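attaching a predicted model along with its sequence, questions to come.
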Amino acid sequence: MAQLVVAGVLLVLGLLKAAPGIVLLAVLTVMTAWLSTLWSRHGLAHVSYQRHLANDRAVWGDHVDLEVAIENRKALPLAWLRAEDYVTDGLEIVDHVLSSSGRYGFSVLQSMWSLGPFERIVRHQQINATHRGRVQFDSVRLTVADLFGRDAASREMDLLDTMLIRPRTVPVRTARGAVVPLGARRARRGLLEDPSLFAGVRPFQIGDSRRRIHQRAFARTGRPLSKRFDPSTARQIVVALDIQTERMPYWSLAYDEELVESLAVAAASLARRLIADGAACGVAFNGWTYSLARVGFVPPRAGGDQLIRIADQLARMSSTPSVPFDRVLATLPARLAPGTLVLTISSRDPTWFLPALRRLRASGYEHRHVSLGPDSVPQATKARLAGIDAVAGALDPDWRTSATLTLAG
């Protein structure tokens, strides 16, 4: 409106003074105002912005392709358009530097575009998965400028995408054999018989299937005998992870990032080893998981899909503890069958939660402990003196480059 008033004054002045230059200036002022109105009203009309992640899951160290496409579906060209993607802090994109957004927990991935009429442009970028956790692309703000480079219109769109970055896993190497008995084992009690565990014969009873008759024993003794099998139970193990790394209270929000990531790598590696050896494995930890639950938990199961569930839960795990670790241990009897092995992992002195471990044992649960961190050896020794079956774990030289998780007595 101000430009039109100025143009009107210039036009009247030019006509009164018979000055063609002033009249031309008035006409140019009117055209400038009209062009600015054109882009402010129609610049973002029929403009689409699309974002596509090649994968919604990644492992630490992976590279994930990111495709961004923008399309101008109208005759009006866009000489200058800025796209601002709000993404989780700490995200690394090759050849791009994220800027501050002013929004807590988010940075801005900024890109510039120039689009002709009915033009579509696709750009390919690459994400470096260098931080375990959940990456969120929240919304995108599009800003278009007129031909003179002035911001003419802006619009923010919800375009939500998430990606989980799981901790890396490494082979587990032990100095004195397996850390726990793994896989299927003969059980003193069980609900089902396992045909692979032949235990002998017994007299044929009413209700036995004829297929159970031991033909050779029948021919030798002259009376029918049924095959007998031992019951079998799959080894159930829960990896209980203590992510508190400082001596201060858990609610202080203090943590050692290197130790937390080492613990996550150790938990994922042990779960992978246990599942590969046939155990029914689960995980529990004292961290937030983008939910209202104060304890992260995956019930023990066997099979390859279980490792995916555990890795996803460890990817969602916060770096700060949500509750004391002994409270996590106290919740396990309500969730697990008696006889389940609880394999604890911690970088702290395990005598801090020794009473909770004793209560677990009294309730019929087995227990093993893995100490991790710079004081793992003296802590494991101290734990054994307190009656805990403990080993010291090491990721040498660190969790980023270590080739194995070494467990030593």
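The structure has been received and is ready for your questions.

which stretches of the stretch 51-200 of the chain form strands?
Assigned by DSSP state E, counting those that start in this stretch, the stretch 51-200 of the chain shows strands spanning 57-59, 63-72, 78-88, 92-93, 99-100, 106-115, 119-128, 133-145, 151-166, 172-174, 184-186, 193-203.

so what does the first one touch, helix or strand wise?
Just to be clear, that refers to strand 57-59. strand 151-166, helix 304-316 (3 or more C-beta pairs under 8 Å, 6 or more residues apart in numbering; DSSP states H and E). In this view, the C-beta of every residue, glycine as well, is placed from N, C-alpha and C.

grab the most central residue of the chain for me.
residue 315 (2.5 Å; C-alpha atoms, centre = their mean).

which of the helices and strands packed on strand 57-59 sits most buried?
helix 304-316 (a mean of 19; mean count of other C-beta atoms under 10 Å).

ok, back up a step: the residue nearest to the centre of the chain touches residue 134, doesn't it?
Yes. Here residue 315 lies in contact with residue 134, judged by C-beta atoms under 8 Å, at a distance of 6.6 Å.

what is in contact with the two at once?
164-165 (C-beta atoms under 8 Å, 6 or more residues apart in numbering).

ok, back up a step: can you redo the strands of the stretch 51-200 of the chain as CSV with distance to residue 399?
CSV is the format used below for these (distance: least, C-beta to C-beta, whole Å):
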stretch, distance to residue 399
strand 57-59, 13
strand 63-72, 19
strand 78-88, 21
strand 92-93, 18
strand 99-100, 29
strand 106-115, 25
strand 119-128, 17
strand 133-145, 15
strand 151-166, 13
strand 172-174, 14
strand 184-186, 32
strand 193-203, 39
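
got the phi/psi numbers for residue 60?
Recorded main-chain torsions at residue 60 are phi -50, psi 130, according to degrees, to the nearest 10.

identify the residues contacting it.
By C-beta under 8 Å, 6+ apart, the neighbours of residue 60 are 129-132, 165-168.

weakest of the helices and strands packed on strand 57-59 by average pLDDT?
Mean pLDDT is lowest for strand 151-166 among the helices and strands packed on strand 57-59, at a mean of 88.

which neighbouring elements make contact with it?
Using 3+ C-beta pairs under 8 Å, 6+ apart, strand 151-166 is in contact with helix 20-42, strand 47-53, strand 57-59, strand 133-145, helix 304-316.

comparing these by mean pLDDT, which bottoms out?
Taking the mean pLDDT of the helices and strands packed on strand 151-166, helix 20-42 comes last: a mean of 62.

how many residues are close by the nearest residue in space to residue 156 that is not next to it in sequence?
Spatially, and ignoring its direct neighbours in sequence, residue 156 is nearest to residue 141 (4.5 Å; C-beta to C-beta, 6 or more residues apart in numbering). If you count neighbours by other C-beta atoms under 10 Å, residue 141 ends up with 17.

close enough to count as contact, residue 141 and residue 84?
Yes. If you go by C-beta under 8 Å, residue 141 and residue 84 touch, sitting 4.4 Å apart.

one step back: so who does the residue nearest to residue 156 touch?
Per C-beta under 8 Å, 6+ apart, neighbours of residue 141: 83-84, 86, 154-157.

pLDDT below threshold where in the chain?
Along the chain, the parts satisfying pLDDT under 70 run over 1-39, 146-152, 175-198, 206-209, 229-234, 409.

before we move on, the earlier item: in ChimeraX, how would I select just the buried ones from the contacts of residue 60?
A single ChimeraX command suffices to select whichever of the contacts of residue 60 are buried according to 16 or more other C-beta atoms under 10 Å:
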select :129,131,132,165,166,167,168
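
redo the contacts of residue 60 as CSV? Include distance to residue 224.
Listed next are the contacts of residue 60 as CSV, based on distance: C-beta to C-beta, whole Å:
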residue, distance to residue 224
129, 64
130, 68
131, 67
132, 61
165, 62
166, 56
167, 57
168, 58
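
and the contacts of residue 60, which is closest to residue 381?
Of all the contacts of residue 60, residue 381 sits closest to residue 167, with 27.3 Å by C-beta to C-beta.
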